[in-house]
Each structure stands twice: as structure tokens, then as C-alpha cells.
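Peer 1: no sequence for this one, just the structure:
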């Protein structure tokens with residue numbers, strides 16, 4: 001029999017030695033060894049293997065740090081070779097000197113631990129359905145209850161429950177996705193989808209969060225980017241949601257701009273690049289190297305102020321790599337950040353072109369008013385692909401008073417109440433029979449009242465081709481019908 005020593009050291013948060021235990025175990029008694037490992041790991045919040053000074057030990061950041069020390073491993077021989085080493089553990093201002101023994105063992109000793117880790121990852125990955133289903137039930141029935149007659153206190157309580165449940169669901173989704181990636185169980189789909197529609201859904205979903213903070217959110221998809229592609233639309237949306245969501249979280253004023261460009265194209269594939277630029281707090285250079293590490297955020301205080309698991313960017317990076325791309329960023333403190341990634345997508349050879357017929361807009365004059373320069377540029381590029389004659393003005397007061405076939409007005413996201421501007425609205429309706437308003441989310445509640453006052457249509461900001469072009473085509477049909485009736 002070969003009897004080996006083991007030590008379990010109980011250290012306090014300051015590094016002081018609180019208690020210790022130890023003894024000997026038989027090399028062939030694997031059950032006892034696993035029991036030691038399980039007991040040491042049972043109180044861990046975060047477990048990691050650190051190889052240092054020839055020892056393998058477990059280290060945690062719990063109120064009491066438990067370290068299980070056992071011998072170094074070698075597959076060359078099972079014979080015991082005692083070796084005494086002195087190791088120093090430094091924690092804060094306290095120093096502890098302890099003695100341990102390094103031994104050569106056969107390579108089987110660490111395999112049960114690795115197997116246990118793999119089983120743990122697979123268990124968390126397989127638990128996706130069981131964790132999400134009851135939580136989705138809570139969210140669903142909370143939303144249904146919110147649609148019933150409630151007093152103010154009940155509605156406030158249910159709104160808090162819904163918000164908390166959504167936050168918990170987001171954390172669970174991050175942890176489960178990370179576990180699936182770690183276990184190699186995340187499988188990407190390869191299905192046909194419309195790129196512009198998928199990205200429009202993302203910015204529409206996130207617009208409320210941006211507009212609540214007074215941030216202008218824009219989406220600019222270059223006209224040469226193919227729309228009919230094959231890939232995993234949900235994972236692409238997840239990537240963009242993570243990056244845009246972070247930009248909104250860490251930006252207090254200004255813009256969140258999403259730019260989509262074509263990098264390369266062949267007969268069967270296209271490579272696109274998506275950039276997300278914000279005017280937020282930026283990231284100090286010393287913290288940038290930690291940005292794509294799991295459970296880490298650039299600033300330790302960020303998780304307290306803004307929440308989050310620190311997994312979003314790790315998941316994003318791995319998803320991008322799974323999709324055959326890469327991700328990078330540039331950031332300066334107080335000057336904002338720009339994240340960009342590129343991925344490859346297959347072109348859909350069987351797609352039936354579903355382009356809107358904009359011929360009815362030929363010869364029509366459209367006046368466009370938008371104070372935000374980036375939002376205006378995005379919309380003007382969309383309008384450039386139509387036969388419309390476009391007259392742009394940054395303010396309504398500087399727009400020439402004339403008759404226009406269509407008047408498109410972007411309402412600033414900072415404008416909370418439209419009632420003081422009824423006089424301007426009446427003037428706009430006098431200048432055109434087809435007034436289109438681009439409204440921030442909080443102004444959508446006034447959409448029906450605005451239509452009763454003469455507005456032809458209310459669109460949600462940010463304007464995208466998916467929603468703007470159908471509205472313009474519908475307007476052209478209305479203009480054609482009016483012309484027929486007059487003739």
C-alpha cells in the first residue's frame with residue numbers, strides 16, 4: 001500500500017489561518033479521494049484549478065477560503081518520491097508559511113475531477129428547458145394579469161415582478177449559453193432569413209431602452225448588402241442585442257449607431273461587417289484586456305451600478321467565432337466605444353426577390369426634417385434608393401414653405417410631450433396632405449390622436465427600410481387614388 005498525505009487549509013478572507021486538517025489516504029482508495037474533493041468543493045462559489053509550486057489546489061473567494069492540497073501528477077511512475085517545499089501564500093497584509101509534500105503519482109488521480117467538471121457543465125447545459133419554462137410561465141401570466149383591471153399599487157407590484165423576472169431570465173440565458181458553449185453543445189442553425197428584417201427587430205426591441213435615456217438609436221444598412229441570406233438569425237440577433245444593449249447601458253447622452261456594410265461577396269457567400277458605435281463612458285486602456293474574460297467586467301463597480309453577469313461579451317465573441325468571424329473594438333474614456341465584428345453568411349440561391357415597387361414615387365417631392373445628423377444621414381441614404389426628389393432640412397422652421405407631396409418629420413427623442421407643438425403640426429399638415437411622423441417610443445401613445453389631427457402615418461424610430469419604404473409606397477398609392485378621383 002502507498003499512503004499519501006493530504007492537507008485542507010481553512011483560510012479567512014484576510015489570509016489568516018483559521019484551522020487545518022489532514023491525514024493520509026490510500027492511493028488505491030479513489031472513493032476517499034473523491035470524497036475529499038467533493039467536501040472541499042461543496043462550499044465553493046467559484047472553483048478553479050491553479051497549478052503552482054508543483055502542487056494542485058482549489059482556491060475560492062468565499063467568506064472562508066478552503067484549499068485542498070494534493071500531490072503533483074506524473075504518468076511516468078506510480079512510485080512515491082517525497083519532496084518538501086516551502087510555499088508562501090500572500091493575502092492582503094498577512095503571510096502564511098506552510099509545508100507541503102510533492103509526490104509523483106500515476107495520471108489517473110485528476111481524471112475523476114475533470115470528469116466531474118464535464119458532467120457539471122453538461123448538467124447546466126441540459127437544464128435549459130427546466131429553468132426557462134417556469135420562469136416564462138411567471139412572465140407570461142404576469143403580463144396577462146397586467147392587462148386586467150388593477151389599482152395603481154397592484155400594477156406597480158406586478159410591473160416590478162415582470163421586470164425582475166425578465167432580468168433573471170436574461171441572467172439564466174447568459175449562464176446557459178455559456179455552459180452550452182463550454183460543453184460544445186451549442187449548434188448553429190442554417191436557415192434562410194431576411195437580414196434587414198432580423199436587424200430591424202433588434203433595434204425595435206431595444207429602442208424603448210434607448211429612448212427612455214434620451215439616446216438616438218440608428219440603423220444604417222448599406223444598399224449593397226444582400227438581404228436574402230442563410231445562417232442563424234437568432235444567434236445573429238443575440239450578438240447585436242448584446243453589443244447594442246451594452247452601448248445603451250453605458251451611454252448617458254448622444255447616439256447609438258449601428259452600421260452594416262458588405263466586406264466581400266462571391267457567388268455563394270457574403271461577408272458582412274457590423275459596427276456599433278456609442279458616445280458613452282468608454283473603457284480605460286488598462287481594463288481593455290479583461291473585456292472578453294468570463295464573469296469579468298472592465299470596472300468592478302459596473303456590475304453594482306448596471307448589473308449583468310459579465311458573460312455577454314464572452315458569449316458574443318464565441319458566437320462570432322462559431323459563425324466564422326472575429327470581433328474587436330476601439331475605445332477611449334469619455335469618448336465612447338466602437339465594437340465591430342464580421343461574419344460570413346451563405347447567399348440564398350432560391351430566394352424570390354421581394355422588392356417593393358417604388359416607381360409610383362417618381363416625380364414626387366418629399367421634404368425631410370430631422371435634427372439628429374446621424375439619423376438624417378441614415379434616412380437620406382435609404383431615400384436615395386428611391387426615385388423621390390428629397391429636400392432635407394435640420395429644423396422645421398428652416399424648411400421652405402411650399403407644397404410637398406410627402407412631409408417626413410423626425411421627432412427628437414428628447415421631446416416628451418407633443419401637445420405644445422400642435423401649431424407646428426397644423427402648419428405641417430397645411431404644407432402636405434401626407435405627413436409622416438417618426439416618433440420615439442414614448443410618443444407612440446399619441447399616434448391615434450395625431451392621425452385624427454391629420455397625420456397620415458406614425459413610424460417608430462429608428463427609421464429602417466423595412467418600415468419606411470412600405471409607408472412611402474402606401475402614400476404613393478394614396479396620391480395616385482387622389483389623382484384618379486380628381487381626373
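Peer 2: Alright, I've got the coordinates. Computed from a predicted model, the values in this text were never measured in an experiment.
Peer 1: which residues does the residue nearest to residue 258 when sequence neighbours are not counted contact?
Peer 2: Ranked by CB to CB, 6 or more residues apart in numbering and with sequence neighbours excluded, the top spatial neighbour of residue 258 is residue 219, at 4.8 Å. C-beta coordinates here come from the backbone N, C-alpha and C atoms, glycine included. Contacts of residue 219 were listed using CB atoms under 8 Å, 6 or more residues apart in numbering, and they are 199, 200, 203, 258, 260, 378, 462, 464.
Peer 1: Please indicate which of these are buried?
Peer 2: Buried members of these, counted by 16 or more other CB atoms under 10 Å: 199, 200, 203, 258, 260, 378, 462, 464.
Peer 1: between the contacts of residue 219, which is closest to residue 359?
Peer 2: Checking the contacts of residue 219 against residue 359 by CB to CB gives residue 464 as the nearest, at 21.4 Å.
Peer 1: Tell me the backbone dihedrals of the closest one, please.
Peer 2: Torsion angles at residue 464 (phi, psi; degrees, to the nearest 10) stand at phi -130, psi 160.
Peer 1: Please report the distance of the spatially closest residue to it that is not a sequence neighbour from residue 259.
Peer 2: When the adjacent residues along the chain are set aside, residue 464 lies closest to residue 200, with 4.6 Å between them (CB to CB, 6+ apart). Noted for residue 200: a distance of 15 Å to residue 259, by CB to CB, to the nearest Å.
Peer 1: what's the answer for residue 417, then?
Peer 2: Taken as CB to CB, the span from residue 417 to residue 259 is 32 Å.
Peer 1: Show me which of these two is the more surrounded one.
Peer 2: Higher neighbour count among residue 417 and residue 259: residue 259, with 18 against 9, using other CB atoms under 10 Å.
Peer 1: how many other residues sit next to residue 468?
Peer 2: 20.
Peer 1: what's the helix or strand for the nearest residue to it once chain neighbours are set aside?
Peer 2: Once flanking residues are discounted, residue 468 sits nearest to residue 382: 6.1 Å by CB to CB, 6+ apart. Per DSSP states H and E: residue 382 is located in helix 373-384.
Peer 1: mean confidence for the very next helix or strand once past that helix?
Peer 2: Moving toward the C-terminus from helix 373-384, the next helix or strand (DSSP H and E) is strand 389-393. Averaging pLDDT along strand 389-393 yields 96.
Peer 1: again, but for stretch 355-365
Peer 2: 87.
Peer 1: swap in stretch 459-473?
Peer 2: 93.
Peer 1: Check what pLDDT the residue nearest to residue 464 gets.
Peer 2: Looking at residue 200, the pLDDT reads 95.
Peer 1: can you check residue 313 too?
Peer 2: 84.
Peer 1: tell me which residues of the host helix or strand of it are tucked away?
Peer 2: In this structure, residue 313 sits in helix 312-322 according to DSSP H and E. For helix 312-322, a neighbour-count test (16+ other CB under 10 Å) marks 312, 313, 314, 315, 316, 317, 318, 319, 320 as buried.
Peer 1: which residues sit against stretch 330-342?
Peer 2: With CB under 8 Å, 6+ apart, stretch 330-342 has contacts from 239, 243, 246-247, 250-251, 254, 263, 271-284, 288, 316, 320, 325-329.
Peer 1: The residues you listed, buried ones only, as a ChimeraX selection?
Peer 2: In ChimeraX, a selection of the buried entries from the contacts of stretch 330-342 looks like this (16+ other CB under 10 Å):
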select :239,243,246,247,250,251,254,271,272,273,274,275,276,277,278,279,280,281,282,283,316,320,325,327,329
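Peer 1: counting contacts, what elements does the helix or strand containing residue 459 pack onto?
Peer 2: Taking DSSP H and E as the criterion, residue 459 maps to strand 457-460. Using 3 or more CB pairs under 8 Å, 6 or more residues apart in numbering; DSSP states H and E as the contact test, the elements touching strand 457-460 are strand 435-439, helix 447-452, helix 465-486.
Peer 1: Distance to residue 365 added to the buried residues of helix 312-322, as a markdown table?
Peer 2: A markdown table is the format used below for the buried residues of helix 312-322 (distance: CB to CB, whole Å):
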| residue | distance to residue 365 |
| --- | --- |
| 312 | 46 |
| 313 | 46 |
| 314 | 51 |
| 315 | 48 |
| 316 | 44 |
| 317 | 48 |
| 318 | 50 |
| 319 | 45 |
| 320 | 44 |
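Peer 1: what residue ranges in this protein score low on pLDDT?
Peer 2: 1-132, 174, 178-185, 292-310, 482-487 (pLDDT under 70).
Peer 1: any chance you could map the helices in it?
Peer 2: 30-41, 111-126, 128-146, 152-183, 195-212, 233-249, 302-306, 312-322, 373-384, 422-431, 447-452, 465-486 (DSSP state H).
Peer 1: Output the contacting helices and strands for the third one.
Peer 2: Contact analysis of helix 128-146 by 3+ CB pairs under 8 Å, 6+ apart lists helix 152-183 as its packing neighbours.
Peer 1: Now do the helix it packs on against helix 233-249: the angle between them, please.
Peer 2: Between helix 152-183 and helix 233-249, the angle comes out at 120 degrees (axes from the mean of the first three to the mean of the last three CA atoms, to 10 degrees).
Peer 1: Tell me how many other residues surround the closest residue to residue 387 other than its chain neighbours.
Peer 2: Distances taken as CB to CB, 6+ apart put residue 362 closest to residue 387, at 4.0 Å, once the chain neighbours are dropped. Applying other CB under 10 Å, we find 11 residues neighbouring residue 362.
Peer 1: and residue 362, what are its phi and psi?
Peer 2: phi -60, psi 130.
Peer 1: Over to the one 10 residues further on?
Peer 2: In this entry, residue 372 is assigned phi and psi values of phi -80, psi 120 (degrees, to the nearest 10).
Peer 1: ok, now residue 148?
Peer 2: Residue torsions, per degrees, to the nearest 10, at residue 148 are phi -90, psi 180.
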